[in-house]
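Asker: Give me a 3D structure for the following:
(2 chains)
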Amino acid sequence: MEKRIAAIWFPHLLTDKLLRKQPELKELPFVLVNTERGRRIVKAANVLAKEKGIHENMVLADCKALLPELSVFDFNEEEPKKLLTALAEWCIRYTPFVAIDLPDTLLMDASGCTHLWGGEKEYLTDIHTRFKAFGYTLRIGMADNIGTAWAVCKYGKNGTIVPTGKEMAALKELPPAALRLEPVVLERLDKLGLKTIGSFITMPATALRRRFGQSLLQRLAQALGGEIEMIDPVTPVAPYQERLPSLEPIRTAEGIEIAIKTLLQMLCERLQNECKGLRKCELISDRIDGTIERISIGTSKPSRNTLHLFKLFENKIATIQPDLGIELFVMEAGIVEELQSSQDALWAVSGKNEAAIAELLDRLAGKTGSNSIHRYLPAEHYWPERSFKEAGSLTEKPNTEWRTDLPRPLHILPVPELIEVSVPIPDYPPMLFKYKGQLHSVKKADGPERIEQEWWLQQGLYRDYYCVEDEKGARYWLFRSGEYDNGDVKWFMHGFFT
Amino acid sequence: MRRVADKLVIEQLQHQIEKLQGNTVHSTDHKIVLGLGAMENAFPAKVFTKGAVHELISNNAEQATCTSGFISVILGKLIQNSGYCVWISHVPRRSVFPNALKTFGIDPERILFVDAAKSKDALWAIEEALKCDALIAVVGEITELSFNDSRRLQLAVEKSHVTGFIHRFKPKTENAVACVSRWKISPIASAATENPGVGFSRWHVQLLKVRNGQPDEWHVECSPNGLKYITTKQTVIHEPGERSTA
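Answerer: Numbers count the residues shown, from 1 in each chain, chains lettered A, B, ... in the order given. Below is the predicted model of the structure:
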């Protein structure tokens, strides 16, 4: 069967997208700019701005001089690709093979699809109307191959359909740029006065190759169907989801367990094949009466261990209320990450241990809440409350050493507690102090160790820390906040030494 | 000849009894001396019992700190900078300052702290952690431990050989539990030094119960080089109302 290719060109892709998001910009000229070599370069301009003479690759300062009321937005380099891919995925309704052609074109292999819309014309009209309704400006062309479809889409009449075998006639009137040539070749053609494709298409191939290189011949062959060009279709990521309808409504815990096991088996098999592991998973149970029951689990490391995941779910089965019965179970992995398993065998001992610990932590987190597990790494701060930070994962390594040169208590109070003291002279450790109604007399003391506030993080008074030992041998970490000169001296208990 | 044979039979029988009791200290892989000195002599076969649950009791914040310190000393020797340890606390009591653990020879990042809001959850978490043989040790900070619960913990470690430390803070009663030992650590006044300052801290370590061993007590000084035993007796001032155990 012969191929039919449709090309869709969005001349104002990015600005149309922005207008869709912010319709209030409709009456305003605006541009998207990017910083290149210290200059702000226009990357896209809307119709209003273009009418005023602003075009792509202009410097923003020049545009502002032309049009002071111009609105400016930032250009994101990832945006065109992301947007086109999304549009291509949407277009899969028209054909299973949709490819993107950066920066602003979609190519669709419409072979054998058009009759479903009642013909090629209706097919293109439908696409046109739908995109128009979304707010996109577009031009469409259709031909037997990518080259011609692209050419008529960009340079022909909007909605041109080139019948099979009529490529030559369709291309004749178009400018050479329609052949997707390099700027150098285009310039040379222009210099020689070859303004349309028709003016050189009949020339002998050897002459063309000598003057313009192989690329012109290749492009010509592609447009005329002599050389086959393949499209690279986008493949949308299928959601990691498994469904299990039940013959009879399920009401028992055992039934739910079997369902979870079956679903996990199916899901993990797919993850195994794709070398992935899940981080978050949700079980959605559709009840007969239309209510939906949800339970979800999370793991600290990507996992596809059916047993482990089942254990995590097992703790939560009791929260499902089956009521009259559940007719459909859906298991969906919300977050999926790469998980290479084959490599683990090399350092089996530690790798296996860490996996076992990660699984244990998942179980604990399921019971006590995920924010109840802490692992600490050193932080480069003297202020005791800030001298450690939470580690994000089990494998995160400390960037700095833990300091051991300064005495630090093994037990610390989360908030320093006010104490009453009697001090012989300023800057001396106290003789007596009263903590929680109990009087301690200080026999020995070390200090002071002054810790200043880190002014870039927090304002406040410095602390003078003393390590004191009372008559029973118990040791405390006390600090004085404030100066005696200012009269607002307070003493605090902050920790216990061993 | 016969005497030697008898001795062998008796040794085998003793072995079987110990196995039934869940005491696995005689298996070769656990016969690693920790270097605790005289304290280890109180244990059967003169080796600190690993792969078992030890109980420690403290009655006030000062004792609790010393108890944590004592646990940290042993943990430091057990971990040897490889492997992980889980430290489960029943909040709001966890007060360990991670930075200080380094002075006891533990990399603080090797400790995974778990805070359980309910004591029941904390016990469950301790049991689950003790079942995980990938861990070196588990520290549980709780208040009450019933005999049945302690047996569950003991059964868990018999399979996994993880060493457990149950630190009970202000328990209502010092009830009998199925742990291999019961410790109590309290601070004592440090020695008078020529230099000003506090010097090294001293503990009064009481081993109140030990299965198949000899309970004892020691005065030790805790310095960065490890524990040092002090022979001269010092008076320990007990809290009013606290049971004297000397």
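Asker: neighbours around residue 9, how many?
Answerer: Using chain A. 19 (other CB atoms under 10 Å in any protein chain shown). Just so you know, the C-beta spots here come from the backbone N, C-alpha and C atoms, and that holds for glycine as well.
Asker: oops, chain B please
Answerer: Neighbour tally, B:V9, other CB under 10 Å: 10.
Asker: That one should be in a helix, yeah?
Answerer: Yes: under DSSP: H, G, I helix; E, B strand; the rest coil, B:V9 sits within a helix.
Asker: Let me see the contact set for it.
Answerer: Listed by CB atoms under 8 Å, 6 or more residues apart in numbering or on different chains, B:V9 has no contact partners.
Asker: and if you look at the one 10 residues further on?
Answerer: Counting by CB under 8 Å, 6+ apart, B:K19 makes contact with nothing.
Asker: That one: helix or strand, and which one exactly?
Answerer: helix B:2-20 (DSSP states H and E).
Asker: One more: B:R94?
Answerer: Using DSSP H and E, B:R94 sits in no helix or strand.
Asker: could you check the distance from it over to chain A?
Answerer: Distance, B:R94 to chain A, using CB to the nearest CB, to the nearest Å: 9 Å.
Asker: Run a quick neighbour tally on that residue.
Answerer: 17.
Asker: Ok, A:M142 next?
Answerer: Using other CB under 10 Å, A:M142 has 25 other residues around it.
Asker: Which stretches in the stretch 51-200 of chain A count as helices?
Answerer: A:60-66, A:79-90, A:120-134, A:146-155, A:167-172, A:183-191 (DSSP state H, counting those that start in this stretch).
Asker: closest one to chain B among those?
Answerer: Closest to chain B of the helices of the stretch 51-200 of chain A, according to CB to the nearest CB: helix A:79-90, at 38.1 Å.
Asker: quick one: the helix or strand encompassing B:C66 near chain A?
Answerer: Element membership for B:C66, per DSSP H and E: helix B:61-79. Yes: against chain A, helix B:61-79 shows contacts by CB under 8 Å from any CB of the partner chain at B:61-62, B:64-66, B:68-70, B:72.
Asker: per-residue confidence at residue 144?
Answerer: Since you didn't name a chain, this refers to chain A. In this model, A:D144 is scored at 88, pLDDT.
Asker: Oops, wrong one, chain B.
Answerer: At B:E144, pLDDT is 89.
Asker: count of neighbours near the closest residue to it other than its chain neighbours?
Answerer: If the residues on either side of it in the chain are set aside, B:E144 comes closest to B:P171, at 5.8 Å by CB to CB, 6 or more residues apart in numbering or on different chains. With neighbours defined by other CB under 10 Å, the count for B:P171 comes to 16.
Asker: looking at this, B:P171 is in a strand?
Answerer: No: B:P171 sits outside any strand when classified using three-state DSSP, being coil.
Asker: okay, and the helix or strand of chain A with the least pLDDT?
Answerer: Lowest mean confidence among the helices and strands of chain A (mean pLDDT, DSSP states H and E): helix A:348-368, at a mean of 74.
Asker: in that one, what's buried?
Answerer: A:353-368 (16 or more other CB atoms under 10 Å in any protein chain shown).
Asker: And stretch A:41-49, by the same measure?
Answerer: Residues of stretch A:41-49 classed as buried by neighbour count (16+ other CB under 10 Å): A:41-46, A:48-49.
Asker: Looking at the residues you listed, which is nearest chain B?
Answerer: A:K43 (45.9 Å).
Asker: any chance you could read off phi and psi for that closest one?
Answerer: The phi/psi pair for A:K43 (degrees, to the nearest 10) reads phi -110, psi -30.
Asker: one step back: against chain B, which of the buried residues of stretch A:41-49 make the cut? List them.
Answerer: Among the buried residues of stretch A:41-49, no residue is within reach of chain B (CB under 8 Å from any CB).
Asker: what's the farthest-apart pair in those residues?
Answerer: Spanning the widest gap among these are A:I41 and A:L48, at 19.4 Å by CB to CB.
Asker: so what pLDDT did A:L346 get?
Answerer: With respect to pLDDT, A:L346 has a value of 32.
Asker: what are the ranges of the strands in chain B?
Answerer: With DSSP state E as the criterion, chain B has strands at B:53-58, B:84-90, B:111-116, B:135-142, B:163-169, B:181-188, B:201-210, B:216-223, B:226-230.
Asker: A:P175 is nearest to which of those?
Answerer: Set against A:P175 and scored by CB to CB, the strands of chain B come closest in strand B:111-116, at 68.5 Å.
Asker: does that closest one come close to chain A?
Answerer: Yes: for strand B:111-116, a contact with chain A is found by CB under 8 Å from any CB, at B:111-116.
Asker: top of these by neighbour count?
Answerer: B:V114 (27 neighbours).
Asker: which residues touch it?
Answerer: The contact partners of B:V114, taken as CB under 8 Å, 6+ apart, are A:364, A:368, A:372-374, B:86-89, B:125, B:129.
Asker: One more pass at 10 Å, please.
Answerer: A:360-361, A:364-365, A:367-368, A:372-374, B:86-89, B:91, B:94, B:121-122, B:125-126, B:128-129, B:138, B:140 (CB atoms under 10 Å, 6 or more residues apart in numbering or on different chains).
Asker: So, low pLDDT: which residues of the stretch 251-400 of chain A?
Answerer: Scanning the stretch 251-400 of chain A for pLDDT under 70 picks out the ranges A:340-352.
Asker: residue in chain B nearest to chain A?
Answerer: Going by CB to the nearest CB, chain A is nearest to B:G69 of chain B, at 3.1 Å.
Asker: got a markdown table for the residues of strand B:111-116 next to chain A, with pLDDT too?
Answerer: Output for these, formatted as a markdown table (pLDDT from 0 to 100):
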| residue | pLDDT |
| --- | --- |
| B:I111 | 90 |
| B:L112 | 90 |
| B:F113 | 91 |
| B:V114 | 90 |
| B:D115 | 89 |
| B:A116 | 89 |
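Asker: Got phi/psi on A:P398?
Answerer: Dihedral angles (degrees, to the nearest 10) for A:P398: phi -70, psi 140.
Asker: was I right about it contacting B:N99?
Answerer: No: between A:P398 and B:N99 there is no contact under CB atoms under 10 Å: 11.6 Å.
Asker: between the two, what contacts are shared?
Answerer: Common neighbours of A:P398 and B:N99, using CB under 10 Å, 6+ apart, are A:376, A:378-379, A:388, B:108.
Asker: Now, of those residues, which are buried?
Answerer: Neighbour counting by 16+ other CB under 10 Å classes A:376, A:378, A:388, B:108 among those as buried.
Asker: show me what contacts the third one?
Answerer: Okay, so that is A:F388. Neighbouring residues of A:F388 by CB under 10 Å, 6+ apart: A:374, A:376-379, A:381, A:398, A:402, B:97-99, B:108-109.
Asker: Tell me the one among those residues nearest to A:T498.
Answerer: B:F97 (11.1 Å).
Asker: what's the closest non-adjacent residue to the closest one?
Answerer: Distances taken as CB to CB, 6+ apart place A:I412 nearest to B:F97, at 4.0 Å, with adjacent residues excluded.
Asker: still on that earlier bit, neighbour count winner among A:P398 and B:N99?
Answerer: A side-by-side neighbour count of A:P398 and B:N99, using other CB under 10 Å, places B:N99 first with 22 against 16.
Asker: I am finished for the moment; much appreciated.
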